[in-house]
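Asker: Model the structure of this input:
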Amino acid sequence: MKAPGAGGVRTGFVDWMFRSRKTGRITVAQVPNWPLAVWFLASVVRWLAHPQGWVHAVLVVVASAALALWAVDEAWRGVNPFRRLLGFAALAWLVFSLVGAGGPS
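Answerer: Below is the predicted model of the structure:
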C-alpha cells in the first residue's frame, strides 16, 4: 500500500492545472504551434523594423489574427486548465489592446 502523494496517485492543484486530459502527461507547451510562430515573427518585425504605412497595417492584422486564432483555439480546445486560461488571457489582452488603444501599437 502506497502512502498518499508517494507516486501513483495524482492529486493536487499543479497536477490538475497542468496535466493533459488527453495524454495524462504534464503539458505547458505543444508543437507545432504555427499561429504563435506567425504572431511572434510579425511582432518581431514590427518591433525591430518599425515599418510605416501599409506594411505596418498588414503586420498588425497578421499578428492580431494569428494571436486571436491561437487564443480561441486554446480557450476552446486546450488540453488542460492552464492552456485554457492562457488562451482566455491572451484573448482578453488582445481585445483590450485593440479596443483600449484604438489598435495595437
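Asker: Run through who's touching the top helix by length along the chain.
Answerer: For the chain, the helix with the greatest residue count under DSSP state H is helix 53-77. Residues outside helix 53-77 that contact it (Cβ atoms under 8 Å, 6 or more residues apart in numbering): 33, 35-36, 38-39, 42-43, 45-46, 51, 83-84, 86-88, 90-91, 94, 98, 103-104. All C-beta spots, glycine's among them, are computed from the backbone N, C-alpha and C.
Asker: and the following helix or strand past it, what other elements does it pack with?
Answerer: Note on helix 53-77: by DSSP states H and E, the next helix or strand toward the C-terminus is helix 81-100. Applying 3 or more Cβ pairs under 8 Å, 6 or more residues apart in numbering; DSSP states H and E, one finds that helix 81-100 contacts helix 13-18, helix 53-77.
Asker: Any buried residues in helix 81-100, and which?
Answerer: For helix 81-100, the neighbour count (16 or more other Cβ atoms under 10 Å) marks 82-83, 86-88, 90-91, 94 as buried.
Asker: Off-centre distance for that helix?
Answerer: 8 Å (Cα atoms, centre = their mean, to the nearest Å).
Asker: how far off helix 53-77 does it point, in degrees?
Answerer: 150 degrees (axes from the mean of the first three to the mean of the last three Cα atoms, to 10 degrees).
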